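Colleague: pasting a predicted model and its sequence here:
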Amino acid sequence: MLKLPATDKPTMSPRDLGLTGRQAEVLALMMQGKSNKAICRALDMAEQTAKKHVTAILKALDVSNRTEAVIAVGALGWDFRRIGASTGGETKTQQVSKIIPLGFKAETSEPALALPDKPSIVVLPFANLSDDPGQDYFADGMVEDITIALGRLPGLFVIGSIAAFTYKNRPLEARQVGSELGVRYVLRGSVRKEGYRIRITAQLTDASHGGQIWADRFEGELDRVFEVQDRVAAEVSTMIAPALRTAEIERADRKPTANFTAYDLFLQASRRHAENFEQNQHSLRLLHRAIELDPSYGAAYGLAALCHYWQKVCLWIAPDDPRIAEGVRLAHLAADVGKSDSEALWMAAQTMAMLAGECERALALIGESLKLNSNSPAAWQASSLVHTFHGDCDLALEHAARAQLHNPLDPLAFQYLTTLGFANFWAGRFDEAARIADLLLSKEPRYASALRLKAATSGLLDRLDEGREYVRRLLAMSPWVSIAAMRVFYDAPLRKNPRGLENMLTGLRRAGLPEG
């Protein structure tokens, strides 16, 4: 099995391993979870030829199956998203040599991402033109909601807002953004909030040539802000894809709330709810005020539930703390109240699975969320996470890849890697899980999930000195952690994977975690 590179930069390229340009294209599709038949259709090759390429790839990576190949590629840090793009006459092999690590920006110009086979767009951060710089969160909220509104259109490919926000305060040309994200259209603009009125200016650019194709100004009262957002999304969809059904973004039953103050509180709460316990508690207070103002606000219930999810995952509270039950209660309310809100549904599902072990209902809710917005990277990531609890590594990888597809520059890529690490741990692939934990900790040394994963894998692989060091670091952050506490922690999500639970506890015990 290939070892992790010692630094964040890859130590070798696909060509160094003997992979041809054609094999790199096959590997790129494998990274997306494509079957041999799907690879044949995409690359117009015979199935026997595809099988030979897959066999050669596995041999070059020194792995035995597709899942291990994906992990090996992730460990090497290769970014295959640029394979297949037009690069002015370069051969595929020349393109392969330019692959860059995921999560790192190349110092030289890179080949453009290939465009999807449907209209594609990114909504860049809007400038805050209000007198108060503290209103940035409101402008960011406009971008998030317009992105979600566009994402509901079935014929449109939309880049997630997290990737878009990596461009905040960066004066870039639309052509560069389109090249880096693989989209045809770029929407940007500004927001001005004055008294009880809001003004949004928007500009749509064709990234293929950088020319403006539409611009407009939208004004309205703050209590009708959602109508203004929908007008922006409807105008954009009309400009870039007349065949799209703009009625999908005008349906009243998908409005998050009719109460502007509740909406504003939600936007403030969403900014830093997973940053630390203090900010998490502040966000919960804001969300409870929003719910008081509008008891039918599904997304507010969902985000409040997710705050309790992060309390548990980050070990800010003990796994038997009464606040766990409160998180489950809020998740059920979010699912009931937010039946037509894609964001409320995935947040409720992720919380139910982790805090209550209700994985079947969680997957059903995520399915409903994706029906409403198949462009949601968060919903795809939630689906991947829930599948890891069952040890369903292959499906978890496929859905995590879909999440990355919509967030190619996601600064929170460690969540994707966390999913891969635990998926392999529950599937019994401890070496791969350990390597991913190393990569996570190289970027986030105090990341509680990665510390647990590393300590457990070290114990199971008889690297006991190493395991004791990571247990020490874990206890320095959360002194209450013990074998008994971890049994309670994992009992709910691993209810149908008892072997995975026992492997986790055995590994932590061998690494020196106290019993209780």
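Modeller: Good, I have the coordinates. Residues are numbered from 1 along each chain as shown.
Colleague: element containing residue 164, please.
Modeller: helix 161-164 (DSSP states H and E).
Colleague: next SSE downstream of that helix?
Modeller: Next helix or strand after helix 161-164 toward the C-terminus (DSSP H and E): helix 174-181.
Colleague: what is the subsequent helix or strand relative to that next one?
Modeller: By DSSP H and E, the next helix or strand past helix 174-181 is strand 185-194.
Colleague: the helix holding residue 164 packs against which elements?
Modeller: The criterion is 3 or more C-beta pairs under 8 Å, 6 or more residues apart in numbering; DSSP states H and E, and the helices and strands that helix 161-164 contacts are strand 120-123, helix 136-151. For the C-beta atoms, the positions are set from N, CA and C on the backbone; glycine is no exception.
Colleague: let's see that with 6 Å instead.
Modeller: Here helix 161-164 touches helix 136-151, going by 3 or more C-beta pairs under 6 Å, 6 or more residues apart in numbering; DSSP states H and E.
Colleague: quick one: buried residues of the helix it packs on?
Modeller: Across helix 136-151, burial judged by 16 or more other C-beta atoms under 10 Å covers 136, 138-151.
Colleague: after it comes which helix or strand?
Modeller: Immediately after helix 136-151, counting by DSSP H and E, sits strand 157-158.
Colleague: which residues does that following strand contact?
Modeller: Applying C-beta atoms under 6 Å, 6 or more residues apart in numbering, the contact partners of strand 157-158 are 116, 118, 120, 121, 150, 151, 375.
Colleague: partner strands of that strand, with direction?
Modeller: Sheet pairing for strand 157-158, assigned by DSSP bridges, gives strand 120-123 (parallel).
Colleague: which residues in this structure form strands?
Modeller: Remark: strands assigned in the chain by DSSP state E are 120-123, 127-128, 157-158, 185-194, 197-206, 211-221.
Colleague: got the CA positions of the last one in PDB?
Modeller: The C-alpha atoms that make up strand 211-221 are tabulated as PDB, following Å, rounded to 0.1, in the frame of the first residue of the first chain:
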ATOM      1  CA  GLY A 211     -18.500  39.100 -21.300                       C
ATOM      2  CA  GLN A 212     -21.500  40.300 -19.400                       C
ATOM      3  CA  ILE A 213     -24.800  38.900 -20.600                       C
ATOM      4  CA  TRP A 214     -27.200  40.400 -18.000                       C
ATOM      5  CA  ALA A 215     -27.400  42.800 -15.100                       C
ATOM      6  CA  ASP A 216     -30.200  44.200 -13.100                       C
ATOM      7  CA  ARG A 217     -31.100  45.900  -9.800                       C
ATOM      8  CA  PHE A 218     -33.700  44.500  -7.400                       C
ATOM      9  CA  GLU A 219     -35.300  46.400  -4.500                       C
ATOM     10  CA  GLY A 220     -37.900  45.600  -1.900                       C
ATOM     11  CA  GLU A 221     -38.900  45.800   1.800                       C
END
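Colleague: and the angle for that strand with helix 174-181?
Modeller: 90 degrees (axes from the mean of the first three to the mean of the last three C-alpha atoms, to 10 degrees).
Colleague: point out the other helices and strands that strand 211-221 packs with.
Modeller: strand 197-206, helix 225-240.
Colleague: what's the mean pLDDT across the longest one?
Modeller: Confidence for helix 225-240, expressed as mean pLDDT, is 75.
Colleague: starting at the chain centroid, how far to that helix?
Modeller: 25 Å (C-alpha atoms, centre = their mean, to the nearest Å).
Colleague: likewise for the shortest one?
Modeller: Centroid separation between strand 197-206 and its chain, computed with C-alpha atoms, centre = their mean, is 27 Å.
Colleague: cool, stretch 321-340 as well?
Modeller: Put simply, stretch 321-340 sits 22 Å off its chain's centre (C-alpha atoms, centre = their mean).
Colleague: likewise stretch 491-507?
Modeller: Stretch 491-507 has its C-alpha centroid displaced from the chain centroid by 25 Å (C-alpha atoms, centre = their mean).
Colleague: by mean pLDDT, point me to the weakest helix or strand of this structure.
Modeller: The least trusted helix or strand in the chain, going by mean pLDDT, DSSP states H and E, turns out to be helix 92-96, with a mean of 35.
Colleague: just the pLDDT at residue 213, thanks.
Modeller: The model reports residue 213 with a pLDDT of 78.
Colleague: likewise for residue 117?
Modeller: On the pLDDT scale, residue 117 gets 62.
Colleague: so who does residue 424 touch?
Modeller: When contacts are taken as C-beta under 6 Å, 6+ apart, residue 424 is in contact with 432, 433.
Colleague: backbone phi and psi for residue 297, please?
Modeller: Dihedral pair for residue 297: phi -80, psi 90, per degrees, to the nearest 10.
Colleague: could you find the closest non-adjacent residue to it?
Modeller: Closest residue to residue 297 apart from its sequence neighbours, by C-beta to C-beta, 6 or more residues apart in numbering: residue 257 at 4.4 Å.
Colleague: thinking that neighbour is in contact with residue 294, fair?
Modeller: Yes. Counting by C-beta atoms under 6 Å, residue 257 touches residue 294, with 4.7 Å between them.
Colleague: burial count for residue 462?
Modeller: 9 (other C-beta atoms under 10 Å).
Colleague: nearest residue to it in space, please, no chain neighbours.
Modeller: residue 510 (7.7 Å).
Colleague: tell me how far the one you found lies from residue 465.
Modeller: Using C-beta to C-beta, to the nearest Å, residue 510 is found at 12 Å from residue 465.
Colleague: what about the two, which has more around it?
Modeller: Shown here are residue 510 and residue 465; by other C-beta under 10 Å, residue 510 has more neighbours (20 against 9).
Colleague: list the contacts for the closest residue to residue 136 other than its chain neighbours?
Modeller: Nearest residue to residue 136, sequence neighbours excluded (C-beta to C-beta, 6+ apart): residue 128, at 4.9 Å. Neighbour list for residue 128: 135, 136, 139 [criterion: C-beta under 6 Å, 6+ apart].
Colleague: name the nearest residue to the first one, ignoring sequence neighbours.
Modeller: For residue 135, the nearest residue in space outside its immediate sequence neighbours is residue 128; the separation is 5.4 Å by C-beta to C-beta, 6+ apart.
Colleague: how far away is the one you found from residue 219?
Modeller: Going from residue 128 to residue 219 by C-beta to C-beta gives 16 Å.
Colleague: what's the answer for residue 352, then?
Modeller: Residue 352 is 41 Å from residue 219, by C-beta to C-beta.
Colleague: okay, these two: which has more neighbours?
Modeller: Neighbours were counted for residue 352 and for residue 219 using other C-beta under 10 Å; residue 352 has more, 28 against 13.
Colleague: and stretch 470-486, how far out from the chain's middle?
Modeller: With C-alpha atoms, centre = their mean as the basis, stretch 470-486 stands 27 Å off its chain's centre.
Colleague: alpha carbons of it, as PDB, please.
Modeller: The C-alpha coordinates for stretch 470-486 follow below in PDB (Å, rounded to 0.1, in the frame of the first residue of the first chain):
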ATOM      1  CA  TYR A 470      -2.700  10.200  20.900                       C
ATOM      2  CA  VAL A 471      -4.700   9.200  23.900                       C
ATOM      3  CA  ARG A 472      -2.800  11.700  25.900                       C
ATOM      4  CA  ARG A 473      -3.600  14.400  23.400                       C
ATOM      5  CA  LEU A 474      -7.300  13.400  23.500                       C
ATOM      6  CA  LEU A 475      -7.500  13.500  27.300                       C
ATOM      7  CA  ALA A 476      -5.800  16.900  27.300                       C
ATOM      8  CA  MET A 477      -8.700  18.200  25.400                       C
ATOM      9  CA  SER A 478     -11.500  16.200  27.100                       C
ATOM     10  CA  PRO A 479     -10.400  14.700  30.400                       C
ATOM     11  CA  TRP A 480     -13.700  12.900  30.800                       C
ATOM     12  CA  VAL A 481     -13.200  10.600  27.800                       C
ATOM     13  CA  SER A 482     -13.000   6.900  28.700                       C
ATOM     14  CA  ILE A 483     -13.900   3.500  27.300                       C
ATOM     15  CA  ALA A 484     -17.300   3.700  29.000                       C
ATOM     16  CA  ALA A 485     -17.900   7.100  27.600                       C
ATOM     17  CA  MET A 486     -16.900   6.000  24.100                       C
END
